[in-house]
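1. Quick one, what's the 3D model for this:
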Amino acid sequence: MHMADALMSPAVGGTMWAATAGLTVYSARKLKQEIDDRKVPLMGVLGAFVFSAQMINFTIPATGSSGHLGGGMILAILLGPHAAFLAMASILTVQALFFADGGLLALGCNIFNLGFFPCFVAYPLIYKPIAGDRPTEGRILAGALASAVLGLQVGAFGVVLETFFSGLTALPFGTFVLLMQPIHLAIGIVEGVVTALVVILVWKARPEIVEMAGPSRAVAAGSWRGVLAGLLALAVITGGALSWFASAYPDGLEWAMFRTSGKEELEAPGGEVHSVLAQLQQWTAFLPDYGFKAEEVPTASKEGPKRDAAKHSPAERWPAVSAETSVAGVVGSGITLAVAGLIGFGLKGRWRSRR
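-> Got it, this is the predicted structure:
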């Protein structure tokens with residue numbers, strides 16, 4: 001659900017950048033007030049895991065489409081909403097800058113759609129009331145499923161609205177909505193189940209992480225090294241090898257665009273803002289489309305490793321064993337771990353020094 005700049009006008013993109021910047025400042029201030037410093041390495045490791053998990057697309061049966069995890073609910077449940085939002089912002093920024101995955105003009109929209117709705121809407125309004133303060137496996141599953149579906153439904157509708165108000169494409173509003181919502185309902189169900197499985201595994205190993213993920217809540221003593229090591233190993237395995245098994249079908253957004261306009265990708269307008277940002281992204285993206293840089297570098301019009309495969313027949317080589325994809329998965333996970341972790345350490349360090 002990463003939007004490309006071709007869908008985005010400078011006015012809408014700038015507005016969403018401002019909204020996302022405000023949320024980032026708010027989340028940073030709230031994170032300073034949170035008590036347990038062990039959330040900081042967890043923030044980095046979970047960011048790396050979600051980065052790698054987003055590389056794997058799963059086929060939606062009988063549709064010719066695919067989806068990938070957003071990861072916002074995993075982050076919100078295990079970190080709390082404020083740290084989760086900052087981690088998601090780190091993931092999407094790394095993807096846009098270094099992998100040309102999602103546009104720079106559209107980055108504010110992507111962070112808002114994939115970060116704000118899960119962290120500040122679905123988590124407090126759906127997951128928390130269902131899971132409660134004393135979660136069980138059943139409550140975690142029900143809460144994760146309902147909140148993941150809601151988060152993706154609202155996020156998908158946000159994509160439609162942002163595209164509509166940008167006015168750059170010939171995507172009819174009604175048709176686009178009727179295609180985007182059902183396909184992301186299916187994706188949301190899968191995301192809910194995977195979210196529940198990850199959360200339950202962490203909960204069984206260190207229940208206090210799940211039970212006390214909210215801000216300003218003390219966490220019981222005990223080492224989280226086992227959980228951190230396990231999540232980090234899973235991130236490396238997922239990005240380095242499991243990413244080969246990504247579905248070659250177009251993702252939900254590309255599928256809806258194709259069904260609406262006949263094209264999975266749209267040409268970006270030739271305006272100055274779009275041109276400058278495209279050139280900037282071409283310069284920063286050293287592993288564009290999660291592969292080695294060629295002479296002609298694609299700009300942000302696709303969505304991840306499978307996004308490149310989406311241009312080919314799903315019957316072609318699968319799994320797509322590729323050293324390029326493996327390097328991109330491991331390197332991207334490492335960069336995200338460093339960025340999210342440094343944000344957490346920086347905020348915590350400043351907070352302690354002021355005290």
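2. who's in contact with stretch 145-156?
-> 1, 70, 72-73, 113-114, 117-118, 121-123, 125-127, 130, 180-181, 184-185, 187-189, 191-193, 195-196, 252 (Cβ atoms under 8 Å, 6 or more residues apart in numbering). Placement of C-beta: from N, CA and C, glycine included.
3. Stretch 266-280 too?
-> Stretch 266-280 is contacted by residues 4-7, 10, 13, 103-105, 168-169, 257, 299-301 when judged by Cβ under 8 Å, 6+ apart.
4. one more time with 6 Å
-> With Cβ atoms under 6 Å, 6 or more residues apart in numbering as the test, stretch 266-280 has contacts from 5-6, 10, 104-105, 168-169, 299.
5. do the same with stretch 240-247
-> Here stretch 240-247 has contacts from 55-59, 66, 305-306, 319-321, 325-326, 329-330, using Cβ under 6 Å, 6+ apart.
6. cutoff 7 Å now
-> Outside stretch 240-247, the residues within contact range by Cβ atoms under 7 Å, 6 or more residues apart in numbering are 55-59, 66, 305-306, 309, 319-322, 325-326, 329-330.
7. Now it - C-alpha only, CSV.
-> Taking C-alpha atoms only, stretch 240-247 is exported to CSV below (Å, rounded to 0.1, in the frame of the first residue of the first chain):
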residue,chain,number,x,y,z
GLY,A,240,17.6,-12.9,3.4
ALA,A,241,15.8,-16.1,2.3
LEU,A,242,12.0,-16.1,2.8
SER,A,243,11.8,-13.0,0.6
TRP,A,244,12.5,-15.3,-2.4
PHE,A,245,9.0,-16.7,-2.0
ALA,A,246,7.2,-13.4,-2.5
SER,A,247,4.2,-13.6,-4.7
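8. Show me which of the contacts of stretch 145-156 are buried.
-> The neighbour count (16 or more other Cβ atoms under 10 Å) marks 1, 70, 72-73, 113-114, 117-118, 121-123, 126-127, 130, 180-181, 184, 187-189, 191-192, 195-196, 252 as buried among the contacts of stretch 145-156.
9. where's residue 74 relative to residue 192, distance?
-> Remark: distance between residue 74 and residue 192 (Cβ to Cβ, to the nearest Å) = 11 Å.
10. In strands only, show me the contacts of stretch 240-247.
-> Applying DSSP state E to the contacts of stretch 240-247, the entries found in strands are 57-59, 66.
11. want to throw the residues you listed into CSV with distance to residue 203 and neighbour count?
-> As requested, these are exported to CSV (distance: Cβ to Cβ, whole Å; neighbours: other Cβ atoms under 10 Å):
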residue, distance to residue 203, neighbour count
57, 27, 28
58, 24, 19
59, 29, 15
66, 29, 26
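12. Please identify which pair of these lies farthest apart.
-> Greatest spacing in those, by Cβ to Cβ: 57 and 59 (7.6 Å).
13. Please identify every residue contacting each of the two.
-> Contacts common to residue 57 and residue 59, judged by Cβ under 7 Å, 6+ apart, are 66, 247.
14. I'd like the ones in strands among the contacts of stretch 240-247 as CSV, with distance to residue 290 and pLDDT appended.
-> As requested, the ones in strands among the contacts of stretch 240-247 are exported to CSV (distance: Cβ to Cβ, whole Å; pLDDT from 0 to 100):
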residue, distance to residue 290, pLDDT
57, 12, 94
58, 17, 95
59, 19, 94
66, 15, 95
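15. Turn these into CSV, including distance to residue 264.
-> Formatted as CSV, the ones in strands among the contacts of stretch 240-247 follow (distance: Cβ to Cβ, whole Å):
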residue, distance to residue 264
57, 14
58, 18
59, 16
66, 12
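16. Which parts of the stretch 1-150 of the chain are helices?
-> Listed in chain order, the helices of the stretch 1-150 of the chain (DSSP state H, counting those that start in this stretch) span 10-33, 39-53, 72-79, 81-99, 107-111, 128-131, 137-166.
17. buried set for the longest one?
-> By neighbour count on 16+ other Cβ under 10 Å, the buried set for helix 137-166 is 140-164, 166.
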